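> quick one: sequence plus predicted model below, questions after.
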Amino acid sequence: MQIKDVLLARGNGAFFYDDQAAIRSGAMQDGFIYVGQPITPGFDFIRLPASSLSIGLVLTDDTIVWGDMMGVQYSGAGGRDPLFDPNQLSDLTSRIVAPRLLDADASHFCESCKRVFEPFEHTRLPLALEYGVSQALLRAAAHLHRSTMTEVICAEFDLPVPTSRVPIYCQSGDAREINVDKMILKGVDVLPHGLINSRQKFGVGGQTFMEFVKWVATRTHEIGRQGYHPVLHFDVYGWIGQEIGLQPQSVADFICKVADTVPGFTLNIESPADFGSTQAQIDNYAQVVSILNDRDSSARIVVDERCNTLEDIRLFAEARAAHLVQIKTPDVGSLADTARAVLLCKENRVGAYVGGSSTETDLSAQASVHVAVATQADMMLAKPGMGVDEAFSIVGNEQNRLLAMLNRRRAQEENIG
């Protein structure tokens with residue numbers, strides 16, 4: 001027995017849970033809040049402070065390793081799990097998961113996840129629970145093996161120990177202009193997200209959005225260091241479909257029009273449209289991808305909504321229904337499945353983006369770094385929060401410390417050899 005007790009602690013996510021349906025329906029902002037009635041079940045207000053639940057595993061040597069459970073910003077939207085309820089998760093963890101953990105072999109990460117996350121009453125455990133518990137199990141395995149979490153993933157999935165960094169993508173929140181400047185000055189690899197989540201931000205015919213894209217590209221030249229050339233990545237939350245129409249040809253035409261305004265840049269467009277179901281999303285996104293490829297466009301489609309679990313990711317990747325898949329870690333569940341998702345994307349020659357949400361915590365962000373680096377994802381999200389500085393520091397520094405440790409270990413092994 002390697003786990004002798006289980007602790008729970010209430011906590012805070014780094015941002016807020018938002019009712020996407022209410023925002024799409026026209027809810028207006030008043031300062032930081034949204035005014036109006038919520039639509040998505042579970043929301044008492046359109047914007048709620050994000051909560052989290054920490055789980056601590058007390059190991060036999062009295063070391064305590066932690067993981068954090070939480071939902072994503074737009075919980076209950078796009079086929080996702082409902083709004084995070086710490087009371088429900090605490091009860092389920094205490095009654096069902098804790099006894100399983102006490103019997104788990106924590107030195108074997110994937111096997112312990114498989115056993116601990118067995119369905120309860122023929123129903124899969126909440127994905128937020130899987131996410132937080134798997135973080136703690138990954139840290140436990142690393143502690144027991146006296147290694148990094150990255151090395152645990154590499155050993156479990158028979159991967160070479162990585163030597164290369166993974167590009168980091170930052171998100172701006174609503175403070176777009178100021179945060180874009182921060183990203184450029186810090187030399188962020190992929191920027192700025194933009195939070196184009198309302199008709200006001202997208203504009204009639206997408207004009208407001210196109211002007212913002214051009215401004216971001218111009219700003220990188222104005223204040224960026226010499227040679228700085230980031231990937232431009234914008235999340236439009238389905239507004240191309242909402243404003244331009246849900247025909248794949250129309251969506252592709254608009255995206256090409258945007259790409260033509262920023263020649264020389266790779267342009268990622270995340271969630272261009274919501275076609276209402278996973279299968280409809282796959283069928284229509286595949287058409288948009290095909291049109292862009294035939295035109296040799298510099299634009300790439302990134303899927304988020306309707307692509308949540310490992311099985312969803314498999315369907316999108318096999319259908320080539322995106323150029324890049326966001327592996328939204330709290331929605332995927334277990335970090336073992338996040339690793340599987342990256343490898344599945346690679347097998348199908350689709351880009352893998354280890355993402356997540358602004359509502360996460362420092363602990364979940366750091367654990368995600370290890371999975372992204374171990375699997376050599378194409379990019380990873382700077383998280384948690386919307387402030388740029390904190391998230392870029394947490395994720396970037398964790399990656400740099402990790403690579404320094406791996407380089408030292410590699411040098412030691414070479415000297416011994």
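In hand now; what should we look at? Numbers count the residues shown, from 1 in each chain.

> quick one: contacts for Ile301?
By Cβ atoms under 8 Å, 6 or more residues apart in numbering, the contact list for Ile301 reads Ile255, Ile269, Pro272, Tyr285, Val288, Val289, Leu292, Ala322, His323, Leu324. All C-beta spots, glycine's among them, are computed from the backbone N, C-alpha and C.

> so of these, which ones are in strands?
Taking DSSP state E, the ones among the contacts of Ile301 that sit in strands are Ile269, Leu324.

> report the buried members of the contacts of Ile301.
Ile255, Ile269, Pro272, Tyr285, Val288, Val289, Leu292, Ala322, His323, Leu324 (16 or more other Cβ atoms under 10 Å).

> now Pro41: which helix or strand?
Of the helices and strands defined by DSSP states H and E, none includes Pro41.

> scratch that, Cys154 is what I was asking about
Cys154 belongs to helix 149-156, assigned by DSSP H and E.

> how about the strands of the chain, start to end?
Using DSSP E, strands in the chain cover 3-18, 28-30, 33-35, 47-59, 64-69, 168-169, 190-193, 231-235, 267-270, 299-303, 324-327, 351-354, 379-381.

> what is the fourth one packed up against?
Same thing as strand 47-59. strand 3-18, strand 64-69, helix 86-92, helix 127-145 (3 or more Cβ pairs under 8 Å, 6 or more residues apart in numbering; DSSP states H and E).

> these: which one's closest to Asn179?
The minimum distance between Asn179 and the helices and strands packed on strand 47-59 falls on strand 3-18, with 13.4 Å, by Cβ to Cβ.

> how about the nearest residue to Arg314, chain neighbours excluded?
Leu344 (5.6 Å; Cβ to Cβ, 6 or more residues apart in numbering).

> ditto for Ile269
Ile255 (5.4 Å).

> again with Gly241
Ala273 (2.6 Å).

> ok, the one you found to Asn397 distance?
Note on Ala273: its distance to Asn397, by Cβ to Cβ, to the nearest Å, is 36 Å.

> compare neighbour counts for those two and give me the winner.
Ala273 (29 against 12; other Cβ atoms under 10 Å).

> the more buried one reaches Leu246, doesn't it?
Yes: assessed by Cβ atoms under 8 Å, Ala273 is found in contact with Leu246 at 5.8 Å.

> now the common contact residues for the two.
In contact with both Ala273 and Leu246: Asn284, using Cβ under 8 Å, 6+ apart.

> hang on, the earlier thing: so which elements touch the helix holding Cys154?
helix 109-116, helix 127-145, helix 335-347, helix 362-375, helix 389-416.

> list the residues that contact the closest residue to Pro160 other than its chain neighbours.
Taking Cβ to Cβ, 6+ apart, and ignoring the residues beside it in sequence, Pro160 has Cys154 as its nearest neighbour in space, at 6.9 Å. Each residue near Cys154 by Cβ under 8 Å, 6+ apart is listed here: Pro160, Val161, Pro162, Ala374.

> kindly provide the distance from Val133 to Leu335.
Taking Cβ to Cβ, one finds Val133 at 10 Å from Leu335.

> with Ala299 instead?
31 Å.

> neighbour-wise, which of these two wins?
Leu335 (29 against 24).

> I figured that one hits Thr329, correct?
Yes: using Cβ under 8 Å, Leu335 is in contact with Thr329, at 7.2 Å.

> overlap in contacts, those two.
With Cβ under 8 Å, 6+ apart, Leu335 and Thr329 have common neighbours Tyr131, Ser368.

> shaky segments in the protein?
Low-confidence segments of the chain (pLDDT under 70): 1, 417.

> quick one, domains of it?
3-148, 168-409 (automatic domain parsing).

> just how off-centre is the first one within its chain?
On the basis of Cα atoms, centre = their mean, to the nearest Å, the separation between the geometric centre of domain 3-148 and that of its chain is 14 Å.

> related to what we said a few turns ago, right, so of the helices and strands packed on helix 149-156, which gets closest to Asp44?
Nearest of the helices and strands packed on helix 149-156 (Cβ to Cβ): helix 127-145, 18.8 Å.
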